[in-house]
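In: Curious how this folds, go ahead:
(one chain, ligands or ions: 2)
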Amino acid sequence: MSAPALKLVNLTVSYDRHPAVHHVSAEIPAAEMTAIVGPNGAGKSTLLKAMMGLAPQMEGRVESTARRIAYLPQQAEIDRSFPISVFDTVLLGRWGRFGGFGAAGRADIHDAQHAIEAVGLAGFERRSIDTLSVGQFQRVLFARLLLQDADLVLLDEPFAAIDSKTVADLMRVIERWRDEKRTVVAVLHDLDQVKREFPHALLLARELVDCGPTARVLSPENLLRARAMAEAWDDHAAACDVPMRLSA
Ligand code: ADP
Ligand code: MG
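Out: Numbering: from 1, shown residues only. Ligands and ions are numbered 1, 2, ... in the order given. As a prediction, this is how the structure comes out:
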C-alpha cells in the first residue's frame, strides 16, 4: 500500500477540556474514498476539523502528506442569506490564488464555468444563491471544491437532506476525484451507500471502533458496539444534569 494520506496518532480533541474524540489512531489511505460513520455526537465533525488542524485543543498528532486540503462543512454551518451569484460563489474557490491585484484571471473564469457545468448547473451562473434549493446549493459548493484543486477533500455530511438525483450526480464528482488520485474523506449516514460506494470506512463513537475495509468495519458487531458506546455517553449526559450529591 502507498503511504497513507493521513495518519492519526493517539489523537484526542477537546472542547473546554472535555474530550469529543479520544485516543484515535488510524490511517486514511491515499487516492481512495473513505467514509466516516458513527452515531450523532460521535465526534465525526470534530475529527474532520482536526484533520485540517482547525480543532483548538488537540493532543497526539495528525500527520498528512496533503499539499492542499478542501473542506465542505455541514450545510447547517453555512450562511447563504448573503445575495451573491452562483458564479461568484464558485469563483471564490480560487480566492487564495488570485494574482497580484487580487482579481480573477481568464483561466480562473474559464475553470469556474467548467466546474459549474460539471455539477449540472449550466444556466444558473447569474442566479443568487439564496434562491437555490438545498440540492442546487450543494452542487454550487461542489463546483467550488472542484476549483480548489485539492489533493485531500474532506466532506461533512455532503448528502444530508439532498435529493437522490443530486446525490447520484455528486457521487460521480467524488469518483472523478478518486480517479484523479485525490483522497476523499466523507462523513456519511447512509450505511447502504457507504457499503456500495466507499471501500474504506472509519467507525467512530468518540473512540475508534474500527478503521479499514468497509465490509469489516460495518459488521453488525461493530455497529452494535458503536451504539452501546453512544448510549453510555447519553446516560452520562443525563446524569450530569442531576446535582452532584455523592460527596455529601
Ligand atoms: P458528530 O459530528 O459526530 O455529530 P461533533 O463532532 O459535532 O459530532 O460533536 C462531538 C461532541 O463535541 C458533541 O458532544 C458536541 O456537543 C461537542 N461539540 C462539538 N462542537 C463543539 C463546540 N464548538 N463547542 C463545544 N462542544 C462542541
Ligand atoms: Mg457532525
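In: quick check, distance from stretch 214-228 to the centre of its chain.
Out: 21 Å (Cα atoms, centre = their mean, to the nearest Å).
In: Write out the residues of this protein neighbouring ligand 2.
Out: 44, 45 (Cβ under 5 Å from the ion). Bear in mind the C-beta positions are built from the backbone N, C-alpha and C, glycine included.
In: what about 8 Å?
Out: Within the chain, the positions near ligand 2 by Cβ under 8 Å from the ion are 40, 44, 45, 46, 48, 74, 156, 157, 187.
In: Show me which pair in the residues you listed is furthest apart.
Out: 40 and 48 (14.8 Å; Cβ to Cβ).
In: okay but residue 28 is in contact with residue 35, surely?
Out: No - Residue 28 is beyond contact range of residue 35, at 10.7 Å (criterion: Cβ atoms under 8 Å).
In: hey, what's in contact with both of these two?
Out: Common contacts of residue 28 and residue 35, defined by Cβ atoms under 8 Å, 6 or more residues apart in numbering, comprise 185, 200, 202.
In: more crowded one of residue 40 and residue 48?
Out: Neighbours per residue, other Cβ atoms under 10 Å: of residue 40 and residue 48, the larger number sits with residue 48, 23 against 8.
In: packing partners for the helix or strand harbouring the more buried one?
Out: Counting by DSSP states H and E, the element that carries residue 48 is helix 44-51. Helices and strands touching helix 44-51, by 3 or more Cβ pairs under 8 Å, 6 or more residues apart in numbering; DSSP states H and E, are strand 6-15, strand 18-28, strand 33-37, strand 57-64, strand 152-156, strand 183-187, strand 200-205.
In: Relative to ligand 1, how far out is residue 44?
Out: Distance from residue 44 to ligand 1, counting by Cβ to the nearest ligand atom, to the nearest Å: 3 Å.
In: My understanding was that that residue contacts residue 24; is that so?
Out: No - at 11.3 Å, residue 44 does not count as touching residue 24 under the criterion of Cβ under 8 Å.
In: so what sits against both of the two?
Out: With Cβ under 8 Å, 6+ apart as the test, residue 44 and residue 24 both reach residue 204.
In: So for these two, which sits in the more crowded spot?
Out: residue 44 (26 against 22).
In: What residues does the more buried one make contact with?
Out: 36, 37, 38, 156, 187, 204.
In: what about 6 Å?
Out: By Cβ atoms under 6 Å, 6 or more residues apart in numbering, residue 44 lies in contact with 36, 38, 187, 204.
In: Could you do residue 195 as well?
Out: Contact analysis of residue 195 by Cβ under 6 Å, 6+ apart lists residue 214.
In: Before we move on, what's the pLDDT of it?
Out: Here the pLDDT value assigned to residue 195 is 98.
In: Least confident secondary structure element in this structure?
Out: helix 220-241 (a mean of 81; mean pLDDT, DSSP states H and E).
In: ok, residue 28 and residue 35, which is more surrounded?
Out: When residue 28 is set against residue 35 and neighbours are counted by other Cβ under 10 Å, the residue ahead is residue 35, at 26 against 21.
In: spatially speaking, which residue is in the middle of the protein?
Out: Nearest residue to the geometric centre of the chain (Cα atoms, centre = their mean): residue 155, 2.3 Å.
In: Tell me the confidence at it?
Out: The predicted local confidence for residue 155 is 98.
In: Return the set of buried residues in stretch 165-184.
Out: 166, 169, 170, 171, 173, 174, 177, 178, 182, 183, 184 (16 or more other Cβ atoms under 10 Å).
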